[in-house]
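Asker: Requesting a structural model of the entry that follows:
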Amino acid sequence: MNEGCTTVLDEDAERRLWRKIGFRIIPLVGIAYIVSYIDRANLGYIAKPMTADLGMTTAQLGLAAGLFFLGYILVEVPSNMMLRRFGARIWISRIVISWGIVTALTGAVHSATQLYIARVILGFAEAGLAAGILLFLTFWFPKKQRAWAMSAFFLCIPLSSILGAPIAAALLKWGESLLGIAGWRSLFVVEGVLTVLIGIVIFLFLPDRPAKAKWLTEEEKAYLGDTLDAEAAAQVEHGAMTGMRQALTNGRTWALAVAFFAIVFGLYPLAFFLPTMIENLSSSVGSAANVSSVLLAAIPSAVAIVVMVMWSRVAARRSAVFSTTIPMAFGAVGLVGATFTQNGALFIIAVCVSISGIYTAMPQFWRIPALSMTGAAAAAGIALINSVSNLSGFVGPYVTGAIETATGSYTYALLTIAVVITIGIAILLTVGRRAEALGVRSDEVATESAGTQ
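Answerer: Next comes the predicted model:
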């Protein structure tokens with residue numbers, strides 16, 4: 001039972017409540033996140049045939065991958081404020097449907113310039129999805145439940161690689177015979193149409209807030225509302241940020257944004273270039289090698305899912321900063337290890353360590369911002385952090401492609417990513433700990449308040 005609530009549930013009823021919310025909410029927003037990452041990473045799956053058809057260099061491919069984030073970053077904060085105004089159901093489904101249409105149309109590009117334009121428009125269309133979902137989850141899960149809820153949700157990222165890789169491999173091989181267009185073009189069309197259909201499903205079934213969920217009892221709605229209200233009140237009483245301007249101008253928010261930038265800095269270069277890295281280490285050539293490298297690139301994501309589930313159990317009993325920085329350290333070490341091998345199998349093992357670390361750190365990080373902001377501040381702050389972090393989606397692939405073009409190797413790019421992750425660890429061990437201390441004091445306020453009721 002939650003002692004801070006005027007409405008209480010017994011332990012069995014409370015477990016049923018979280019299980020019900022988890023099964024009803026996370027799959028709906030999770031499937032949107034899965035297709036978003038598949039759509040972002042598909043350039044890596046089709047790099048070889050697409051660059052050959054469009055006459056692009058590795059650096060140009062990196063630029064195309066990164067241009068997506070320009071539009072994404074510019075409207076991230078406004079998008080989250082619109083979600084608070086119009087509701088998650090309308091706004092998230094609008095985002096999903098619009099980017100699905102753009103993805104399908106990208107299959108018609110015939111030059112590098114057209115691809116650049118399509119990627120920028122795609123960024124504007126998809127902007128706000130991740131931040132909007134992260135904000136939306138705070139409407140449903142109080143602090144004690146967020147460790148497992150965020151971990152369950154972020155499983156969608158490695159799952160997207162596992163699902164995306166065989167889809168890409170199949171369409172590269174059979175897309176032309178099935179749809180009458182090049183395999184890499186068929187990938188855009190099929191994923192775009194699928195995304196639009198998912199957007200329609202979200203519009204039909206996603207409730208905005210617990211009060212509008214028909215599958216919750218009145219007692220469950222009251223309990224959940226009381227729990228979240230008590231947490232917000234305790235945060236405000238102990239100095240948590242509440243206003244949009246306050247969050248956007250606060251140094252802690254910007255420091256956390258840089259820290260999350262560091263976590264995800266390696267995510268997109270590995271997503272975009274890992275199939276090519278694996279193929280470069282392979283002695284085989286031709287289209288068969290391209291398909292097999294795409295499938296091999298899914299192995300680290302499969303390993304990451306296991307690690308994320310195991311670590312979430314440890315993280316539930318440890319601080320958010322500890323639960324974030326330890327996986328980050330493994331992410332950096334794995335990248336360094338990958339640079340010291342020319343053996344394909346050892347390279348994949350090292351990348352498994354790195355990707356598992358990066359993926360595992362991401363959900364644990366998002367426990368930290370909510371400790372020091374609520375209300376409009378949470379909407380703006382979460383969007384700002386995610387927006388700044390998405391600069392890594394532009395910088396990371398472009399820098400990686402440029403370094404490979406200049407040196408003929410990915411070694412220095414991987415080492416650069418490891419250094420950036422290490423800087424992020426240092427930030428979290430300072431600024432992150434201060435935010436965590438504020439959260440602890442808020443818990444004490446909530447407990448004292450409960451004792452007086």
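
Asker: State the number of residues packed around residue 121.
Answerer: Counted by other C-beta atoms under 10 Å, the residues lying close to residue 121 total 19. To be clear about C-beta, it is placed using only N, CA and C from the backbone, and glycine gets the same treatment.

Asker: is it fair to say it lies in a helix?
Answerer: Yes. Remark: residue 121 belongs to a helix, assigned using DSSP: H, G, I helix; E, B strand; the rest coil.

Asker: residues near the nearest residue to it once chain neighbours are set aside, how many?
Answerer: Leaving aside its sequence neighbours, residue 121 sits nearest to residue 102 (C-beta to C-beta, 6 or more residues apart in numbering; 5.4 Å). Neighbourhood size, residue 102 [other C-beta under 10 Å]: 21.

Asker: pretty sure residue 102 is touching residue 191, no?
Answerer: No. Taking C-beta atoms under 8 Å as the definition, residue 102 is not a contact partner of residue 191, at 11.0 Å.

Asker: hey, which helix is longest across the protein?
Answerer: helix 11-45 (DSSP state H).

Asker: can you pull the contacts of the residue nearest to residue 139 when sequence neighbours are not counted?
Answerer: Leaving aside its sequence neighbours, residue 139 sits nearest to residue 209 (C-beta to C-beta, 6+ apart; 5.3 Å). Neighbouring residues of residue 209 by C-beta atoms under 8 Å, 6 or more residues apart in numbering: 87, 88, 139, 140.

Asker: Now do residue 209 against residue 355, distance only.
Answerer: Distance, residue 209 to residue 355, using C-beta to C-beta, to the nearest Å: 34 Å.

Asker: count of residues packed around residue 203?
Answerer: Residues near residue 203, counting by other C-beta under 10 Å: 15.

Asker: what does residue 94 give?
Answerer: By other C-beta under 10 Å, the residues close to residue 94 number 19.

Asker: What of the one 3 residues further on?
Answerer: For residue 97, the neighbour count with other C-beta under 10 Å is 18.

Asker: which stretches of the stretch 251-400 of the chain have low pLDDT?
Answerer: In the predicted model of the stretch 251-400 of the chain, residues 275, 279-297 satisfy pLDDT under 70.

Asker: Run through the strands of it in chain order.
Answerer: For the stretch 251-400 of the chain, no strands turn up when DSSP state E, counting those that start in this stretch is the criterion.

Asker: gap between residue 385 and residue 76?
Answerer: Distance from residue 385 to residue 76, by C-beta to C-beta: 9 Å.

Asker: tell me, what's touching those two both at once?
Answerer: Shared contacts of residue 385 and residue 76 (C-beta under 8 Å, 6+ apart): residue 131.

Asker: Next, count neighbours for the nearest residue to residue 270 once chain neighbours are set aside.
Answerer: Excluding the flanking residues, the one nearest residue 270 by C-beta to C-beta, 6+ apart is residue 355, at 6.2 Å. Neighbours of residue 355 under the rule other C-beta under 10 Å: 29.

Asker: How about residue 85?
Answerer: Burial of residue 85 is recorded as 10 neighbouring residues (other C-beta under 10 Å).

Asker: Tell me which helix or strand comes right after the helix or strand hosting it.
Answerer: If you go by DSSP states H and E, residue 85 is part of helix 76-86. As assigned by DSSP H and E, the chain's next helix or strand after helix 76-86 is helix 88-106.
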